[in-house]
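**Student:** predicted model follows, preceded by the sequence.
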2 protein chains.
Amino acid sequence: MGLHRVLEPAGVLPQAAVRLDADPVIGPDEVRIAVERLNLDAASYRQLRTAHGGDGEAVRAEVLRIVGERGKMHNPVTGSGGMLVGTVAEVGPESPLGLKPGDRVATLVSLTLTPLAITDGLARWDGMSEQVPAEGHAILFARSIAAVLPDDLPVPLALAVMDVCGAPALTHRVVAGRPVPPRVAVLGAAGKSGSLALAAARRAGAAETVGLVPSQEEERRLVASGLADRVVRADARDPVAVAEALGAPADVTVVCVDVPGCEHGAVLGTAAGGTVVFFSMATSFPAAALGAEGLAADVTMLIGNGFVPGHAEMALDLLRSEPGVRALFEGRL
Amino acid sequence: MGLHRVLEPAGVLPQAAVRLDADPVIGPDEVRIAVERLNLDAASYRQLRTAHGGDGEAVRAEVLRIVGERGKMHNPVTGSGGMLVGTVAEVGPESPLGLKPGDRVATLVSLTLTPLAITDGLARWDGMSEQVPAEGHAILFARSIAAVLPDDLPVPLALAVMDVCGAPALTHRVVAGRPVPPRVAVLGAAGKSGSLALAAARRAGAAETVGLVPSQEEERRLVASGLADRVVRADARDPVAVAEALGAPADVTVVCVDVPGCEHGAVLGTAAGGTVVFFSMATSFPAAALGAEGLAADVTMLIGNGFVPGHAEMALDLLRSEPGVRALFEGRL
């Protein structure tokens, strides 16, 4: 679990640590990756860009500062990270991950718990995109997850899909687990996790899929993708607008909007007995818990766990088999 | 829902508002309560007390400042509130809550969304307890929840039980919904929500109940209560210590510890396919989501919704029928 890499505070797991030891010398059950590219979490990148008024140079400096200070890319404001792509450089003799030197892999655990050092000053990144070409090294622990990159997809595309692969997998599980085919609403439906969640919901047997988007442009793109039975437009931070846009409440609502303040719209848009799955790292725990209570809303609220067995395979399969998903992803890259 | 009471920002629900209008003049579907007593949320009270070094005067001043500025008792650090007891002063002609003037009620929606004004400067409170004798008024909306206080229980006791009544109700639902009787672990098991969750788990048919507590004193009290099949001791913020103390992982883990940093111990202490229910308002959404992912832990994580139909009745019934629950509650008051 990487406890020996935690510099402070003592006793916590790497994800909770303030600072990690990114020493390139690996332990017997560790793996060192030569980093090629980081993919910052959407909520994290948006926060960084907004905080620096869209100044790419300042965003780059801030990312370098965070990694330098913390030994990992763990945004202190959003609490989120992202993931990375690289090549396996060295494998400890006791590593259970099944990797070998030269494998090109994506890490499927968060950057918030991955020891990381950057050696090129991010010279090839202009700070204007969440995908960050980078040189340096990262460490995987025994209990990590990494996937060998598929041969048939460009790296930025595979990375973007794998970054959000927990969303379609958990959405599929929740939808398939309902006693009758549910009406599914996805907030932030034209984004990466949103479009995959829509495709997964349909595949899992949803009775209807509704995609909610904030702008005319996203509405146009989502309609063109064909991923949603119905596309509606509203500001996901406006609870009444969300509920009105959805019409009849959803049985399963999936929140994929990477800005704060979408908890109450999701709750208000969900039927009694329904389930809300929160995937956005901008979700506030108290806002969700107290919002549902305040609305006397008997809804089940799930914290979107980024790990579901088989998640990367399912997401890549959706990308390959659903032209609408691929079009939305390629449009964003 | 009280949208008309939101002063800023526009369009959000009262829970998300920075500031509410606590005007005592009620609308046609509102109810005005003459306040007797507030019960601050445990995470909120602990944060206030810690921030002010245990100085009760300073805590009192801070609560007055928050209520004065926000028109509600919404701790800006923890995002949590609590609830209140009072007497119905006026009922709007269109209120659907079924209350009448003179009813003594507890509000079962959070103080974070309840318009509140305090008129006695909290003169009868020394700032040293989460129960706050207070004079003033509060407003209930059409879509609120309030319960008439039972005749057979002292007010502070009923208030303390109702404050956490979502925990036993949701625990019961989760435990009863498992395909085979689960092993249930409760972190923070000697507290209010923890002891009720233990009792609810047993009543719902748990195969075994394990209570985890931080100190020898709480261990002694929980053992004496008889509520847990097994009592273990560990710091819930230390994931490895939690997992070791629990022994075999739990199928259902309920987190009732009112301090930050308990997410990873809960995940690590839960079996694959198990469920973690987070009731503490000190829970961090990203820490839970990314921690589970980082541990490749296939666990379902629930945000503890404070509303489950019948929750107050179930909690009061557990208090009345389980001497161990009552003893622990009375010991804290």
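**Tutor:** Yes, it's here.
**Student:** might you report the residue contacts of the residue lying closest to A:Leu302 once chain neighbours are set aside?
**Tutor:** Nearest residue to A:Leu302 in three dimensions, chain neighbours excluded: A:Val277, at 4.7 Å (Cβ to Cβ, 6 or more residues apart in numbering or on different chains). C-betas here are computed from N, CA, C, even on glycine. The contact partners of A:Val277, by Cβ atoms under 8 Å, 6 or more residues apart in numbering or on different chains, come to A:Leu170, A:Thr171, A:Val174, A:Val252, A:Thr253, A:Val254, A:Val255, A:Leu302, A:Gly304.
**Student:** just those: which are in strands?
**Tutor:** Members of the contacts of A:Val277 lying in strands (criterion: DSSP state E): A:Val252, A:Thr253, A:Val254, A:Val255, A:Leu302.
**Student:** hmm, the fourth one is touching A:Ala189, no?
**Tutor:** Just to be clear, that refers to A:Val255. No - with contacts counted by Cβ atoms under 8 Å, A:Val255 stays clear of A:Ala189, the gap being 10.4 Å.
**Student:** which one's more surrounded, the two?
**Tutor:** Remark: of A:Val255 and A:Ala189, A:Val255 carries more neighbours, 32 against 29, as counted by other Cβ atoms under 10 Å in any protein chain shown.
**Student:** where's the more buried one relative to B:Ser110, distance?
**Tutor:** Note on A:Val255: its distance to B:Ser110, by Cβ to Cβ, to the nearest Å, is 20 Å.
**Student:** check which helix or strand covers the residue nearest to A:Leu302.
**Tutor:** strand A:270-278 (DSSP states H and E).
**Student:** average pLDDT for that strand?
**Tutor:** Averaging pLDDT along strand A:270-278 yields 98.
**Student:** now stretch A:21-40
**Tutor:** Mean pLDDT, stretch A:21-40: 96.
**Student:** now do stretch A:166-174
**Tutor:** Averaged across stretch A:166-174, pLDDT comes to 97.
**Student:** quick one: is it near chain B?
**Tutor:** Yes - counting by Cβ under 8 Å from any Cβ of the partner chain, chain B is contacted by stretch A:166-174 at A:Gly166.
**Student:** list the contacts of that stretch.
**Tutor:** A:184, A:193-194, A:196-197, A:199-201, A:203-204, A:252, A:254, A:256, A:275, A:277, A:279, A:302, A:304-311, A:314-315, A:318, B:293.
**Student:** just the buried ones out of these, please.
**Tutor:** Among the contacts of stretch A:166-174, those classed as buried by 16 or more other Cβ atoms under 10 Å in any protein chain shown are A:184, A:193-194, A:196-197, A:199-201, A:203-204, A:252, A:254, A:256, A:275, A:277, A:279, A:302, A:304-308, A:311, A:314-315, A:318, B:293.
**Student:** which of those fall within helices?
**Tutor:** The members of the buried ones among the contacts of stretch A:166-174 that map onto helices under DSSP state H are A:193-194, A:196-197, A:199-201, A:203, A:311, A:314-315, A:318, B:293.
**Student:** show me which pair in those is furthest apart.
**Tutor:** A:Arg203 and B:Glu293 (22.4 Å; Cβ to Cβ).
**Student:** in its sheet, what does the strand holding A:Val277 sit against?
**Tutor:** Sheet pairing of strand A:270-278 (DSSP bridges) gives strand A:250-255 (parallel), strand A:300-303 (parallel).
**Student:** now those strands as a markdown table including distance to B:Glu8 and mean pLDDT?
**Tutor:** Below are the strands paired with strand A:270-278 laid out as a markdown table (distance: least, Cβ to Cβ, whole Å; pLDDT from 0 to 100):
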| stretch | distance to B:Glu8 | mean pLDDT |
| --- | --- | --- |
| strand A:250-255 | 24 | 98 |
| strand A:300-303 | 26 | 98 |
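**Student:** can you redo these as a markdown table with distance to A:Leu7?
**Tutor:** Shown next, in a markdown table, are the strands paired with strand A:270-278 (distance: least, Cβ to Cβ, whole Å):
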| stretch | distance to A:Leu7 |
| --- | --- |
| strand A:250-255 | 34 |
| strand A:300-303 | 27 |
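**Student:** just give the nearest non-adjacent residue to A:Met301, would you?
**Tutor:** That would be B:Ile303: by Cβ to Cβ, 6+ apart, it lies 4.0 Å from A:Met301.
**Student:** ok, the one you found - contacts?
**Tutor:** Counted by Cβ under 8 Å, 6+ apart, B:Ile303 has contacts A:Phe278, A:Phe285, A:Ala288, A:Ala289, A:Ala292, A:Met301, A:Leu302, A:Ile303, B:Phe278, B:Thr283.
**Student:** quickly list what it is bridged to.
**Tutor:** B:Phe278.
**Student:** how about the residues of the stretch 1-150 of chain A near chain B?
**Tutor:** A:1, A:3, A:11-16, A:78-81, A:108-110, A:112-113, A:143-145.
**Student:** tell me the residues of the stretch 201-333 of chain A that contact chain B?
**Tutor:** Counting by Cβ under 8 Å from any Cβ, the stretch 201-333 of chain A sits next to chain B at A:235, A:237-241, A:261, A:263-264, A:268, A:278, A:281, A:283-309.
**Student:** the same query, at a cut-off of 6 Å, please.
**Tutor:** A:238-239, A:264, A:281, A:283, A:285-286, A:288-294, A:296, A:298, A:301, A:303-307, A:309 (Cβ under 6 Å from any Cβ of the partner chain).
**Student:** same question for stretch A:129-144, mean pLDDT?
**Tutor:** Here stretch A:129-144 scores 94 as its mean pLDDT.
**Student:** would you mark the buried spots in that stretch?
**Tutor:** For stretch A:129-144, by 16+ other Cβ under 10 Å, it's A:129-142, A:144.
**Student:** and if you look at stretch A:233-245?
**Tutor:** Buried-residue list, stretch A:233-245, by 16+ other Cβ under 10 Å: A:Ala234, A:Asp235, A:Ala236, A:Arg237, A:Asp238, A:Pro239, A:Val240, A:Ala241, A:Val242, A:Ala243, A:Ala245.
**Student:** now that stretch: average pLDDT?
**Tutor:** 96.
**Student:** hmm, who's touching it?
**Tutor:** Here stretch A:233-245 makes contact (Cβ atoms under 6 Å, 6 or more residues apart in numbering or on different chains) with A:187, A:212-214, A:219, A:232, A:257, A:261-262, A:264-265, A:268-269, B:11, B:13.
**Student:** kindly report the same for stretch A:33-46.
**Tutor:** A:75, A:78, A:80-87, A:89, A:130-134, A:136, A:138, A:159, A:163, A:258, A:281-282.
**Student:** please apply the same query to stretch A:96-105.
**Tutor:** Contacts of stretch A:96-105 (Cβ under 6 Å, 6+ apart): A:Val31, A:Thr87, A:Val88, A:Val91, A:Ala142, A:Ala146, A:Val148, A:Leu149.
**Student:** measure the fifth one to A:Leu111 for me?
**Tutor:** So the one you mean is A:Ala142. 18 Å.
**Student:** repeat for the last one
**Tutor:** Distance of A:Leu149 to A:Leu111, computed by Cβ to Cβ: 17 Å.
**Student:** who has more neighbours, the two?
**Tutor:** Taking other Cβ under 10 Å, A:Leu149 and A:Leu111 do not tie; A:Leu111 has more neighbours (26 against 21).
**Student:** identify the residues contacting that one.
**Tutor:** So A:Leu111 contacts A:Met73, A:Gly81, A:Gly82 (Cβ under 6 Å, 6+ apart).
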